[in-house]
Structures are given as structure tokens and as C-alpha cells.
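**Student:** what follows is a protein structure lacking sequence information:
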């Protein structure tokens with residue numbers, strides 16, 4: 001009786017573990033946890049630190065983006081193409097989404113959790129494109145500095 005109960009419980013736990021790991025949000029949490037265990041990274045507190053993080057990213061022009069990506073994101077639509085034509089994107093791999101880019105905010109906090117993001121959680125070689133203006137991150141850092149200076153919690 002006890003062996004049968006242990007067997008059923010073991011199968012149930014294995015089922016739960018497999019199901020959990022196949023869910024993208026669970027994988028995302030686990031990847032962040034293990035990333036933080038293996039990388040000690042301080043909060044980003046100034047512009048120079050933001051720039052240092054960005055040196056790690058490969059850049060790609062809008063004109064060189066994958067046509068499938070352009071189509072899936074409607075970036076090839078004429079009304080968006082004109083706006084995005086001079087934009088510079090960053091290639092981000094799975095481990096880079098957990099890098100801090102402003103205060104405690106990570107790259108992934110500024111990314112859409114779309115099909116490309118979810119795919120990167122299941123394929124470690126898949127790179128996704130990230131479009132962001134660093135001025136936004138600079139402003140977040142400046143805001144956090146002001147909050148600290150005025151004795152507020154910047155987090």
C-alpha cells in the first residue's frame with residue numbers, strides 16, 4: 001500500500017515538474033534565478049553603467065532584420081517602416097535578457113513577452129531583436145537618483 005502510494009506520488013510530482021518546465025513563465029523565472037546565482041551584477045545607477053551593459057549587445061540595422069520578424073511585428077507596414085527605417089536594434093540571446101540595464105530593471109522588463117521572447121526560453125541559440133531608446137533608461141536612472149537623494153525608496 002505504501003509503495004503504491006509513493007509510486008503514484010512520484011509519478012504525480014514528475015508530471016508536475018515536466019508540465020511546469022514546459023510553461024514559458026516558469027522557465028523564465030528559473031532562468032533568472034540561475035542567472036543571478038552565476039552572475040553577480042550590481043544595480044545600474046548611472047549613465048556610464050547603462051552604456052557598459054549596451055557594449056555587450058550586437059547591433060543590427062532595421063534594413064538587415066529578418067523578413068519573417070518584420071512581417072510578424074508589422075514593421076514592414078509602410079506606416080511603421082518610415083518611422084523605424086533609421087532605428088538600431090540589439091540582438092539579445094537568452095542569457096542577456098536577465099542583464100540589468102537601469103536600476104534593478106532587466107532587459108526582459110522592456111521586452112514584449114511575444115512569440116519571439118517565448119521561443120528564446122526554449123531555444124538557447126535563438127536571438128531576438130530589441131528596440132529601445134537608451135534615453136528612456138537614462139531617465140529611469142536619473143529618476144532613481146533623485147528619489148534616493150530625496151530619501152525615497154528608488155526601487
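**Tutor:** That came in fine, so what should we check first? Everything numeric here is computed off the predicted structure, so don't read it as measured data. Residues are numbered from 1 along each chain as shown.
**Student:** next, residue 102: secondary structure please.
**Tutor:** Put simply, residue 102 is strand when judged by DSSP: H, G, I helix; E, B strand; the rest coil.
**Student:** wait, isn't it in contact with residue 50?
**Tutor:** Yes. Residue 102 is within contact range of residue 50, at 6.3 Å (criterion: C-beta atoms under 8 Å). C-beta coordinates here come from the backbone N, C-alpha and C atoms, glycine included.
**Student:** can you list residues touching both of the two?
**Tutor:** 44, 137, 138, 141 (C-beta atoms under 8 Å, 6 or more residues apart in numbering).
**Student:** so which of the residues you listed comes closest to residue 114?
**Tutor:** Relative to residue 114, the closest of the shared contacts of residue 102 and residue 50 is residue 137; by C-beta to C-beta it sits at 20.7 Å.
**Student:** just give me the neighbour total for the closest one.
**Tutor:** Neighbours of residue 137 under the rule other C-beta atoms under 10 Å: 22.
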